[in-house]
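Asker: Here is my input; please provide its structure:
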Amino acid sequence: MTDEQIPEFAPFWRNVAARRLCFPRCEACGRFHWYPLTRCPHCFAADIEWCAVEPRGTLYSWTVVRHAFAATFVDRLPYVVGLIEFPDAPGIRLVSEVRTASTDALWVSMPVRARFVDGSGAGELHFVPTTPNGRESHEDSDLCDSSIQ
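Answerer: Model prediction:
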């Protein structure tokens, strides 16, 4: 079962489809948490809301995947899986693909930006390195809309 099929993840994927990055936040204590839960892991309150955050973060860590564990990924090897932190959502670290021209150019705390792609599931969201001012560091840019409508 993929996270797209788990009910607690449905709000996340609906927002990604709408080109927004949103995470669960407890209305009682105000803290974000990830993985989506029905109760806050900090204070155990059940009042959870999904809040939009800027689609910018920093690269906390990463790995280069060189072996396809599923046939659908064979043609994408090698690819980078990163752990992304978000200044607008303290405590959140999201595992996502990081697309870059060179894995040698990655560094801890590197600024990254979400890119939303039409499609379904995890393929709709990945991150790309950016310059310190938030612009993508390569020409293949597809800026996203992080506003909630």
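
Asker: wait, Val74 sits on Ala68?
Answerer: Yes: using CB atoms under 8 Å, Val74 makes contact with Ala68 at a distance of 4.3 Å. All C-beta atoms are positioned from the backbone trio N, CA, C, and that covers glycine.

Asker: quick one: which of these two has more around it?
Answerer: Between Val74 and Ala68, counted using other CB atoms under 10 Å, the more crowded position is Ala68 (14 against 10).

Asker: by contact count, what packs against the helix or strand containing Val128?
Answerer: Using DSSP states H and E, Val128 sits in strand 125-129. Secondary-structure packing of strand 125-129 (3 or more CB pairs under 8 Å, 6 or more residues apart in numbering; DSSP states H and E): strand 56-65, strand 93-98, strand 111-116.

Asker: gap between that strand and the chain center?
Answerer: 8 Å (CA atoms, centre = their mean, to the nearest Å).

Asker: Stretch 73-81 now?
Answerer: A distance of 17 Å separates the centroid of the chain from that of stretch 73-81, by CA atoms, centre = their mean.

Asker: go on, stretch 41-52?
Answerer: 19 Å.

Asker: returning to what we had before: among the helices and strands packed on strand 125-129, which is the most enclosed?
Answerer: For the helices and strands packed on strand 125-129, the largest average neighbour count (mean count of other CB atoms under 10 Å) is found in strand 111-116, namely a mean of 22.
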